[in-house]
Structures are given as structure tokens and as C-alpha cells.
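Peer 1: Here is my input; please provide its structure:
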Amino acid sequence: MDYRLELLGDSTFEDLINTICHKILGTGVISFSPGKDGGRDGKFTGTAQDYPDNVNPWSGKFIIQAKHTNNPIASCSDPDFVKIVKDEIIKIKKLKEAGDIDCYMLFTNRKYTGIKGEELLKKIIKETGVERSVIIGKETINDRFLNQHKEIVRQYRLDLLHIPFDFSDEEIKEIILAFKTQIRFIENDLKAEVDRIKHDYSYIDKKEKNKKNRLGEEYFQNEIAAKSLMDFEKIERFLASPQNEEIKDYYFDVVSELSSLITIKRDNFDAFEEIFLFIYKIICDGSKELKGTKRHVTTFLHYMYYNCEIGLKE
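Peer 2: Below is the predicted model:
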């Protein structure tokens, strides 16, 4: 289960970790406000309720640190995380000298790589003398803590981030890449301009659709009408081309999947533009092959909406 913790902000991730620690350590966990925290996002003094388990729990003065990244494919092997650990060791030493630490817990939403992760953990223990130290990666956060405490998942609305949008995102990428290749050959002649104007005049029919779907007027005007509408005729020609029969099948498969998912999960979002952004991030995050053409993803999503293929109809 991947709750896509990279979509959280730094402060929200810190709050999430302290909430988890309330469950596994105890209600005595103290959270610190953002700022110069001296190497701690939270602390706890006492005997843990359930860490590492409830048979042989750790006890003493706990220091809790949370390190968040927006990179969905980040790991503990990355050079920037190695630097983070190096900086943390300096802070831990100061806490150790002051007698303020017995147990150190570093939470991160990075993938915990066995070899490098263990190497960094041993480095922390060796250089600080804090034997009860641990680096907890996203696998443990997701599988052990969040899956066992669904109330935390609901509290932080992580179920929204983990909406099982198991649509064919790879097929969408193929569609977008094919469109990028062919778009320069699609003529933008008088007929295309006439059709664009036709789309503009049909906006009056979209007001009721936008209202039903809770799509903001400002978003419709600035993002759909001003930026995407001019390319809708190109998309129509692209999908209508005989050479793109297979791609057109991909397109309608994806439309069917997205339409069903949006209908089922609509109440998880407020404004409809949040759905556009959510789907866009699923498709584009970490995608090197879409570099330079990600804007077409949004255009295709707008096209689906405008043609009433996703969202409530007019």
C-alpha cells in the first residue's frame, strides 16, 4: 500500500509522524513548532507502548525526526539523504552531550534501501553512541503503521492520496507522446478556426455542466478556455486519423476507466480542478519520457471533460 506521502507538505508529514508516534510510543509525545528545532520534530520520555514491539519496548528519552521529500522515487541511497544523516549526527551528538537522548527515530518517506540504509544507521550509532536508533522508511510507515492505524489514514485524508486510480496511465503516456509527434503535421486551417469558434460559442452550454461538477469559473476561463480549447480540434483530428486507430482504442479505454473512478470517488474532492491536478500528478510525476510535453496531459483531461466524457453531463 503506497499512500503517496510525497504529496504531503513538510509540516504535514511532521504532524503525521508525531501522530504515529502517539500510537506507538504514547500520548506523552511532544511536537515542536516549525523552525530551528535542534534536531528534533518531536520528543517522548518514558516506555514505548509498542516499539519496537510491546514485549521488549524501548524506554528513555526519545527524539523523533521527520525528513520529507516530494520525490516519489527517492531512496535512502540518494546523496542528499546521506548529507541529511551527516547533519543529523552533529545534532544528535549535541543532544547526547546534554543528556537529552536515549533513543533516536528518523522517519522518512524515502524507500529504505537495505544496504545503504543499514550502512547509514550503523554510522549514526557508531558516531553518536545512541544504540537505540532507527531509520524508518516509507515501506514501514505505510505497511506497519498506517495500515494498522486506519484512523490516522482518515485523519490525514491519506485515502484520498491513495485513491486506487488504477487507470492505464502508461497508455495515456503513449497517447500523449504520439500526439506530440504528430501535432506539427495537423493542419490548423480555416476549418480548425471555425471549429474553435464553435467551441467558444458552446460555452453557454457548459455553465450548467461546470456548476454540476463544481468546476470554478476562474479555472474554466483561465485554464480550459484560454489555454486548452484551441487544441481541441487538433486532438479530434489526431483521434480521427486512420493511422491512430489503436491509439483511439487506448483513449476510450482510459476515458471509461477515469469516468468510473471519478464517479465513485467524486466526494473525496472539492472543486473538480482538484481531480485534474490529482490525475496529472499520477501520470507525470517521475516521468522522464513526458519531459517537454506534460502540458498536453492537462489538455487531454480538459478535452475529456469538455466533451462530457468525464464528469457529470450538462
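Peer 1: low pLDDT regions in the stretch 201-314 of the chain?
Peer 2: Within the stretch 201-314 of the chain, the ranges that satisfy pLDDT under 70 run 201-205, 268, 314.
Peer 1: so where do the helices sit in it?
Peer 2: Counting by DSSP state H, counting those that start in this stretch, the stretch 201-314 of the chain has these helices, from start to end: 206-213, 217-219, 232-240, 245-265, 272-284, 295-306.
Peer 1: same question, the stretch 1-150 of the chain
Peer 2: Assigned helices in the stretch 1-150 of the chain, in chain order: 10-24, 79-97, 114-128, 138-140, 150-155 (criterion: DSSP H, counting those that start in this stretch).
Peer 1: Compare the ones you listed and report which one is nearest to Glu233.
Peer 2: When the helices of the stretch 1-150 of the chain are ranked by proximity to Glu233, the top entry is helix 10-24, at 41.6 Å, counting by C-beta to C-beta. For glycine as for every other residue, the C-beta is placed from the backbone atoms N, C-alpha and C.
Peer 1: Next, the residues that contact that closest one from outside, please.
Peer 2: Helix 10-24 is touched from outside by 5, 8, 29, 31, 34, 41-42, 44, 48-51, 62, 64, 66, 68, 105, 107, 109, 141, 145-146, 149, 152, 155-156, with contacts defined as C-beta atoms under 8 Å, 6 or more residues apart in numbering.
Peer 1: hey, C-alpha coordinates of it in CSV?
Peer 2: The C-alpha atoms that make up helix 10-24 are tabulated as CSV, following Å, rounded to 0.1, in the frame of the first residue of the first chain:
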residue,chain,number,x,y,z
ASP,A,10,6.9,19.0,5.0
SER,A,11,4.9,20.3,8.1
THR,A,12,2.0,17.9,7.4
PHE,A,13,4.4,15.0,7.2
GLU,A,14,6.0,16.0,10.5
ASP,A,15,2.5,16.1,12.1
LEU,A,16,1.7,12.7,10.6
ILE,A,17,4.9,11.2,12.1
ASN,A,18,4.2,12.7,15.5
THR,A,19,0.6,11.3,15.3
ILE,A,20,2.1,7.8,14.5
CYS,A,21,4.4,8.2,17.5
HIS,A,22,1.4,8.9,19.7
LYS,A,23,0.2,5.5,18.8
ILE,A,24,3.5,3.5,19.1
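Peer 1: tell me the mean pLDDT over that helix?
Peer 2: This predicted structure assigns helix 10-24 an average pLDDT of 95.
Peer 1: what distance separates it from the centre of its chain?
Peer 2: 17 Å (C-alpha atoms, centre = their mean, to the nearest Å).
Peer 1: Also stretch 82-97?
Peer 2: Centre-to-centre, stretch 82-97 and its host chain are 29 Å apart (C-alpha atoms, centre = their mean).
Peer 1: Which positions within that stretch qualify as buried?
Peer 2: 84-85, 88-89, 91-93, 95-96 (16 or more other C-beta atoms under 10 Å).
Peer 1: Can I get those residues in JSON lines including distance to Phe238 and pLDDT?
Peer 2: Conversion of the buried residues of stretch 82-97 to JSON lines gives the following (distance: C-beta to C-beta, whole Å; pLDDT from 0 to 100):
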{"residue": "Ile84", "distance to Phe238": "45", "pLDDT": "96"}
{"residue": "Val85", "distance to Phe238": "49", "pLDDT": "97"}
{"residue": "Glu88", "distance to Phe238": "51", "pLDDT": "96"}
{"residue": "Ile89", "distance to Phe238": "55", "pLDDT": "97"}
{"residue": "Lys91", "distance to Phe238": "55", "pLDDT": "94"}
{"residue": "Ile92", "distance to Phe238": "57", "pLDDT": "96"}
{"residue": "Lys93", "distance to Phe238": "61", "pLDDT": "97"}
{"residue": "Leu95", "distance to Phe238": "60", "pLDDT": "95"}
{"residue": "Lys96", "distance to Phe238": "63", "pLDDT": "96"}
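Peer 1: of these, closest to Leu277?
Peer 2: The shortest approach to Leu277 among the buried residues of stretch 82-97 belongs to Ile84, at 28.5 Å (C-beta to C-beta).
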